[in-house]
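S.K.: here you go, sequence then predicted model.
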Amino acid sequence: MLAPWLDVDASDWALFLDIDGTLLDFQPRPEQVFADPELHELLGQLYGRLQGALALVSGRNLADIDRIFAPQAFSAAGGHGSEIRLAGEHAIESDLPTLTPAVIRGAQRLVDRSPGLLLERKRHGLAVHYRGAPEARDKVRDWVDAETHALGPQFSAVEGKMVCELLASGVDKGVAIHHFMSREPFRRRKPIFVGDDIPDEPGFVATNEHGGLSIRIGAGGRSAATKNLASVIELRRWLAKSFLD
């Protein structure tokens, strides 16, 4: 049974949703993730019910977000907020630094030497996934930390579930949510942000600052999120129950 705090009035809220581990379960490789028909239908109904005040907020690039949810194209923040797009408009890209070819080659050498690792290129950084080689976690973390130190304050290290990222500093999911909240159709609503991982913490903080509802999928560890749901399936049930019943 869903808890009483899940009861909401759709007209008062804006909905921000992480993707991996939140709307969709993790897969062995990022490119294996795609929206199933039930999720397409759910998001389409939510978009209408919220009068467009729904955005996807992800570490993935916008192009990858659109691949997962095609043919639907929602408002979205990609690259942890380095790319932002309102539905039906062109993306707004930040003027953040990009990694040099030498750093990218170094990441590729790391991946080539360790079977099971996967390199994901991003517009303003990169991610090394070790889901296929969990024993390589320390090696990946050490490489990302060393590169972050060498590059200086323009870049930061971000660790998530089975992934370490090297990203341009100055953007995060909280910054993205603040941006959306200043624009229609999100303005004058209260945000709900749902995530599951360390990179989602700035989004939880920003949501709390707006007087919204921050929800973490799964348990374990400290979090700025004020509420929890157990799983992807429970989140989908909550979304349907709260907004569509």
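M.R.: Everything's here; your move. Computed from a predicted structure; not experimentally measured.

S.K.: do a quick rundown of the helices in the chain.
M.R.: For the chain, the helices defined by DSSP state H occupy 37-49, 62-69, 101-112, 137-151, 173-181, 201-209, 232-243.

S.K.: CSV for those helices, including mean pLDDT and distance to residue 119?
M.R.: In short, each C-beta sits where N, CA and C put it, glycine included. Output for the helices of the chain, formatted as CSV (pLDDT from 0 to 100; distance: least, CB to CB, whole Å):
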stretch, mean pLDDT, distance to residue 119
helix 37-49, 97, 27
helix 62-69, 96, 14
helix 101-112, 96, 5
helix 137-151, 96, 10
helix 173-181, 96, 22
helix 201-209, 97, 24
helix 232-243, 93, 26
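
S.K.: adding mean neighbour count and distance to residue 77, write those out as JSON lines.
M.R.: As requested, these are exported to JSON lines (neighbours: other CB atoms under 10 Å; distance: least, CB to CB, whole Å):
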{"stretch": "helix 37-49", "mean neighbour count": "15", "distance to residue 77": "16"}
{"stretch": "helix 62-69", "mean neighbour count": "18", "distance to residue 77": "8"}
{"stretch": "helix 101-112", "mean neighbour count": "14", "distance to residue 77": "23"}
{"stretch": "helix 137-151", "mean neighbour count": "16", "distance to residue 77": "22"}
{"stretch": "helix 173-181", "mean neighbour count": "22", "distance to residue 77": "4"}
{"stretch": "helix 201-209", "mean neighbour count": "22", "distance to residue 77": "9"}
{"stretch": "helix 232-243", "mean neighbour count": "17", "distance to residue 77": "19"}
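
S.K.: so how far is residue 144 from residue 129?
M.R.: The gap separating residue 129 from residue 144 is 12 Å, by CB to CB, to the nearest Å.

S.K.: residues contacting the spatially closest residue to residue 235 that is not a sequence neighbour?
M.R.: Once flanking residues are discounted, residue 235 sits nearest to residue 229: 5.1 Å by CB to CB, 6 or more residues apart in numbering. By CB atoms under 8 Å, 6 or more residues apart in numbering, residue 229 lies in contact with 194, 215, 216, 217, 235, 238.

S.K.: repeat for residue 240
M.R.: Listed by CB under 8 Å, 6+ apart, the contact partners of residue 240 are residue 42.

S.K.: same check on residue 131?
M.R.: Residue 131 makes contacts with 26, 28, 118, 162, 163, as judged by CB under 8 Å, 6+ apart.

S.K.: buried among those? Make that a ChimeraX selection.
M.R.: Applied in ChimeraX, the following selects the buried portion of the contacts of residue 131 according to 16 or more other CB atoms under 10 Å:
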select :26,118,162,163
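
S.K.: which of the contacts of residue 131 lies closest to residue 74?
M.R.: Using CB to CB, residue 26 comes nearest to residue 74 of the contacts of residue 131, at 20.8 Å.

S.K.: touching, the closest one and residue 18? I think so.
M.R.: No - using CB atoms under 8 Å, residue 26 makes no contact with residue 18, being 11.9 Å away.

S.K.: count of residues packed around residue 31?
M.R.: A count of nearby residues for residue 31, using other CB atoms under 10 Å, gives 12.

S.K.: out of the helices of the chain, which is closest to residue 222?
M.R.: helix 201-209 (9.3 Å).

S.K.: distance of the residue lying farthest from the centre of the chain relative to residue 119?
M.R.: Distance to the chain centre peaks in the chain at residue 113, reaching 28.5 Å (criterion: CA atoms, centre = their mean). From residue 113 across to residue 119, the span is 12 Å (CB to CB).
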